[in-house]
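>>> Pasted the sequence and its predicted model underneath.
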Amino acid sequence: MDQKPKSVYSLRPVNKGTLQINGLGDHPLWEQAVSLTDFIYPWNEGVPPPMSFKALHDEDWIYGLYKVWETDAVNLSMEEDIKSAVLKSDRVEIFLRSDEHMNPYFGLEMDPLGRTYDFEASLYRKFNAGWSWPKDQLMVKGDLNESGYTLEFALGKALLNKLNLLKNNHLQAGLFRGKCISLKDEMAEFKWISWVRPDSTSPDFHIPSSFGELILL
């Protein structure tokens, strides 16, 4: 299996405790982060609506910021079950793995309201239903606005190290958006957006070729 990450993004460091997230993405420290905008439709024609990803890190946390600019409606499910609602809503995602074998790998799918679907799985799509991201190792906040939405998250390095995901300041990650183009009778239809073009003819991020690499400077 030769599925090494194809794309690389670098995270600049900030002083411990200086970056607080509020879902707005307006903290001045974000100006220090590299803006990643190379997102594509892997399985649809045309250019997707603009979006960006930024990330920074300090001694204890990795911080991420998604900004999505959307002129169409941002469709959100209001089901009572949060995980089910997220899976039927417009959302941004980050997948994490230790290596290309993806045994296991982890995902966070986050909607504009800050609701989160988190999972542990192994290749191929073997989900551990009893697993959830520890609350003290995750922060997620979102903001739905007139131009689209922003989503900020923070991942505790203690857990990333424990799961063998953060190795030598390298983190293998997939960065995605599910653009919900319709939501009728609780049935959702999506166009999928990705940083990396996966080696698949049909929509699928749960494969080795969907990952890039984050490098902590």
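Alright, I've got the coordinates.
>>> Every contact and neighbour count from this point should use C-alpha atoms.
Will do.
>>> what pairs with the spatially closest residue to Ile21 that is not a sequence neighbour across the strands?
Closest residue to Ile21 apart from its sequence neighbours, by CA to CA, 6 or more residues apart in numbering: Glu152 at 6.4 Å. With DSSP bridges as the criterion, Glu152 is bridged to Leu65, Lys141.
>>> and Glu152, what does it touch?
By CA atoms under 8 Å, 6 or more residues apart in numbering, the contact list for Glu152 reads Ile21, Asn22, Gly23, Leu24, Gly25, Tyr63, Gly64, Leu65, Tyr66, Val140, Lys141, Gly142.
>>> Tell me where the protein is predicted with low confidence.
1-5 (pLDDT under 70).
>>> shouldn't Ala85 be in contact with Arg91?
No. Ala85 is beyond contact range of Arg91, at 10.5 Å (criterion: CA atoms under 8 Å).
>>> on that earlier part again, how close does the residue nearest to Ile21 sit to Asn164?
23 Å (CA to CA, to the nearest Å).
>>> Repeat that for Leu56.
Plainly put, Leu56 is 20 Å away from Asn164 if you go by CA to CA.
>>> Out of the two, name the residue with the larger neighbour count.
Taking neighbours as other CA atoms under 10 Å, Leu56 and Asn164 compare with Leu56 leading, 23 against 13.
>>> So which other helices or strands are in contact with the helix or strand containing the more buried one?
If you go by DSSP states H and E, Leu56 is part of strand 51-57. Counting contacts by 3 or more CA pairs under 8 Å, 6 or more residues apart in numbering; DSSP states H and E, strand 51-57 is packed against strand 8-13, strand 61-69.
>>> That strand: how far from the chain's middle?
10 Å (CA atoms, centre = their mean, to the nearest Å).
>>> Run the angle between that strand and strand 61-69 for me.
170 degrees (axes from the mean of the first three to the mean of the last three CA atoms, to 10 degrees).
>>> Going forward, count from 182.
Renumbered: residue one is now 182, and that last one reads strand 232-238.
>>> Which residues does stretch 364-375 contact?
220-225, 229, 256-258, 269-270, 355-363, 384, 391.
>>> For Gly329, what are phi and psi?
The phi and psi values for Gly329, taken as degrees, to the nearest 10, are phi 150, psi -120.
>>> biggest strand in this structure, by residue count?
Assignment by DSSP state E gives strand 351-365 as the longest strand of the chain.
>>> Parallel or antiparallel, list what pairs with that strand.
Here strand 351-365 is paired, per DSSP bridges, with strand 272-278 (antiparallel), strand 347-348 (antiparallel), strand 368-375 (antiparallel), strand 393-397 (antiparallel).
>>> I'd like to check the angle between the last one and strand 189-194, please.
The reference is to strand 393-397. 20 degrees.
>>> ok, and for strand 393-397, which residues are buried?
Gly393, Glu394, Leu395, Ile396, Leu397 (16 or more other CA atoms under 10 Å).
>>> Pick the one among those closest to Trp314.
Leu395 (20.0 Å; CA to CA).
>>> Residues in a beta bridge with the closest one, which ones?
Beta bridges link Leu395 to Tyr190, Leu352 when assigned by DSSP bridges.
>>> I'd guessed Ser328 sits against Ala254; true?
No. With contact defined as CA under 8 Å, Ser328 and Ala254 do not form a contacting pair (10.0 Å).
>>> And the residue of the chain positioned farthest from its centre, how far from Ser258?
Most distant from the centre of the chain: Asp366, at 26.5 Å, with distances by CA atoms, centre = their mean. Distance of Asp366 to Ser258, given as CA to CA: 10 Å.
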